[in-house]
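got a predicted model here, sequence first, then my questions.
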Amino acid sequence: MHGRNTPQSQLLGYAGGRLDRVDHIRSNPELVAQAFASPLALRLVLEGLEPVVEDSHLRMEPLPRDAWIEHHALLGVDDRQRPIFVELLADAPDSFFATARSRALPQEVPGAEVALYGTARSLLSWHARHRFCSVCGERSAPAKAGWARQCTSCKAEHFPRVDPVVIMLAEHRGRVLLGRQHSWPQGRYSALAGFVEPGETLEEAVAREIMEEAGVATHSVRYVMSQPWPFPSSLMIACVAQADDDALTLDETEIEHAFWCDADGVRAALAGEEDAPFVAPPVMAVAWHLLRHWLEGRGLDAQRLDAQGLEGQVASDNPSA
Ligand SMILES: [Zn+2]
């Protein structure tokens, strides 16, 4: 979705990782041990689940001599052949959800490092939440260089989970449906969203969520893009659907208010104009990119939007920190 020249200020957060995930290494204990012993090996430094930023990059350090391989996950190998590890948490963190510090990261370090952090965070929080076997209840232990756990008793294998979430715009006669939740900042509206349930396709999940939250029947669901969201393990799947009509029946426990917004209103909101009909979601969120995709599909001039709305700093996108 983005070229290498996309300014940092316009990147989709947590997407665009550049590490080689080296599955052939992480499934071979001898190769994992070699990588761990390599003088090139580095460890991503976190405080609990929180990122540590130093000179506009994630902090990395050489592996300490007394580090235990069993307590580390191999995140991958970078383009300078350096194996990158992260230490598994000794204690469960207070919360698995986003903090101000983790949300600010996309403004602070290159996009590929934001993706690296997201991968590490999601993996570490999965280990912290899955210490016991869900089959027999005994302790499980990390396996496959941190990309699995195996039960110490029944030997069942468990793999890091990814929870699919659909996030979607319903479109009706040149307008899109936007809603807001009670807890959001004043004026903020975004695409509707919800978890995919067992036994349904993405298309069915999109139609069900729009019907449940807004009472609108839809058809012709189209996939647009996706985004890993590591709080703790969602995969946001962005779609557009065509609405049969524009009458709204809101589920007021989920949605405080919703309205149909035309292209001029969406353009003004994405550009951050003061008299826009709503406050757009953050640029790093897939909802922002979904709204922009919808505008571009309508033939509006995306350059005009860039010129007006995104004068944030253009950070270097150098992956080698
Ligand atoms: Zn078990």
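Now that the structure is in, tell me what you want to look at.

pretty sure Trp288 sits against Ala271.
No: if you go by CB atoms under 8 Å, Trp288 and Ala271 don't touch, sitting 11.5 Å apart. Just so you know, the C-beta spots here come from the backbone N, C-alpha and C atoms, and that holds for glycine as well.

neighbour count: these two, which is higher?
Neighbours per residue, other CB atoms under 10 Å: of Trp288 and Ala271, the larger number sits with Trp288, 20 against 16.

so that one sits in a strand?
No: counting by DSSP: H, G, I helix; E, B strand; the rest coil, Trp288 is not part of a strand but helix.

which helix or which strand is home to the closest residue in space to it that isn't next to it in sequence?
Of all residues not flanking Trp288 in the chain, Pro281 sits nearest, at 5.0 Å (CB to CB, 6 or more residues apart in numbering). Applying DSSP states H and E as the criterion places Pro281 outside every helix and strand.

before we move on, what about Val166?
strand 163-172.

now what about that strand, what contacts it?
With contacts defined as CB atoms under 8 Å, 6 or more residues apart in numbering, strand 163-172 is touched by 176-178, 191-196, 202, 205-206, 209-210, 214, 216, 218, 221, 229, 233-243, 245-246, 260, 286-287, 290-291, 294.

which of these count as buried?
Neighbour counting with 16 or more other CB atoms under 10 Å marks 176-178, 191-194, 196, 205-206, 209-210, 214, 216, 218, 221, 229, 233-241, 243, 260, 286-287, 290-291, 294 as buried within the contacts of strand 163-172.

in strands only, show me those.
176-178, 192-194, 218, 221, 229, 234-241, 243, 260 (DSSP state E).

residues making contact with stretch 74-91?
Applying CB under 8 Å, 6+ apart, the external contacts of stretch 74-91 come out as 17-22, 25-26, 32, 35-36, 38, 40-44, 46, 48-49, 60, 63, 67, 71-73, 116, 119-120, 123-124, 127-128, 142, 145-147, 319-320.

can you tell me which of these are buried?
Here, 16+ other CB under 10 Å leaves 17, 19, 22, 25-26, 32, 35-36, 41-44, 46, 49, 60, 63, 72-73, 116, 119-120, 123-124, 127-128, 142, 145-147, 319 buried among the contacts of stretch 74-91.

among these, which lie within helices?
Mapping those onto helices (DSSP state H) picks out Ile25, Arg26, Val32, Ala35, Phe36, Leu116, Thr119, Ala120, Leu123, Leu124, His127, Ala128.

residue contacts, the first one?
Going back to what we said before, that points to Ile25. Leu31, Val32, Ala35, Leu74, Val77, Pro83, Ala145.

let's see it at 6 Å
Neighbouring residues of Ile25 by CB atoms under 6 Å, 6 or more residues apart in numbering: Leu31, Ala35.

kindly report the residues of the stretch 151-300 of the chain close to the ion.
Cys151, Ser153, Cys154, Ala156 (CB under 5 Å from the ion).

hmm, which two among those are most spread apart?
Spatially, the most separated pair among these is Ser153 and Ala156, at 8.7 Å (CB to CB).

now do the contacts for the residue nearest the centre of the chain.
Centroid check for the chain by CA atoms, centre = their mean gives Trp229 as the closest residue, at 2.1 Å. Trp229 makes contacts with Met236, as judged by CB under 6 Å, 6+ apart.

any idea what it is bridged to?
Ser234 (DSSP bridges).

all further residue positions should be reported with the first residue as 67.
Taking 67 as the first residue, the last one we looked at is Trp295.

on that earlier part again, return the subset of the residues of the stretch 217-366 of the chain next to the ion lying in strands.
Counting by DSSP E, these place Cys217 in strands.

weed out the non-buried ones from the residues of the stretch 217-366 of the chain next to the ion.
When these are checked for burial by 16+ other CB under 10 Å, the buried set is Cys217.

let's have the residues of the stretch 217-366 of the chain next to the ion in TSV, adding distance to Leu154.
Putting these into TSV (distance: CB to CB, whole Å) gives the following:
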residue	distance to Leu154
Cys217	17
Ser219	20
Cys220	22
Ala222	19
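
ok and the helix or strand hosting Glu362 relative to strand 300-309, angle-wise?
According to DSSP H and E, Glu362 maps onto helix 352-363. Interaxial angle, helix 352-363 versus strand 300-309 (axes from the mean of the first three to the mean of the last three CA atoms, to 10 degrees): 40 degrees.
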